[in-house]
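Enquirer: structure for this input, please:
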Amino acid sequence: RVRIPLPVSNILWEHCIRLANRTLVEGYANVKKCSNEGRALMQLDFQQFLMKLEKLTDIRPIPDKEFVETYIKAYYLTENDMDCWIKEHREYSTKQLTNLVNVCLGSHINKKARQKLLAAIDDVDRSKR
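Expert: Numbers count the residues shown, from 1 in each chain. All right, here's what the predicted structure looks like:
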């Protein structure tokens, strides 16, 4: 057995939690279809994950918790709100943003509106470079 000093342990936990949260968002970005019930389950699963995590570690606040919560909540946005949201949230990848447009608004908006949102994503992507 090797004892790990608490500061080192906390750093390891922080990195693991951050990676797990980023992986959750990446997994949500791979969803092909999502119903209202599916969105609710995403939130429920993440809340369960947080509850178990809080029992395992004393790290507070949970790293990237808002990153996941914000992405899940974006599934509920309307077309107009999504346009603003895309411009405000540059922390998400082009793939993650594109999936939000295609999955959560896909059947609710016309082709022109979808193209407008995808163009906004391209603009954000260009400004990142």
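Enquirer: the helix or strand harbouring residue 51: which residues count as buried?
Expert: Using DSSP states H and E, the element containing residue 51 is helix 36-56. Within helix 36-56, the residues scored as buried using 16 or more other CB atoms under 10 Å are 39, 42, 46, 49, 50, 53. From N, CA and C alone the C-beta is placed, and that goes for glycine too.
Enquirer: and which of those residues is nearest to residue 8?
Expert: residue 53 (18.7 Å; CB to CB).
Enquirer: pull the number of nearby residues for the closest residue to residue 21 other than its chain neighbours.
Expert: Leaving out its chain neighbours, the residue that sits closest to residue 21 by CB to CB, 6 or more residues apart in numbering is residue 64, at 3.9 Å. By other CB atoms under 10 Å, 19 other residues sit near residue 64.
Enquirer: doesn't residue 17 make contact with residue 64?
Expert: Yes. Residue 64 lies in contact with residue 17 (CB atoms under 8 Å); the separation is 7.2 Å.
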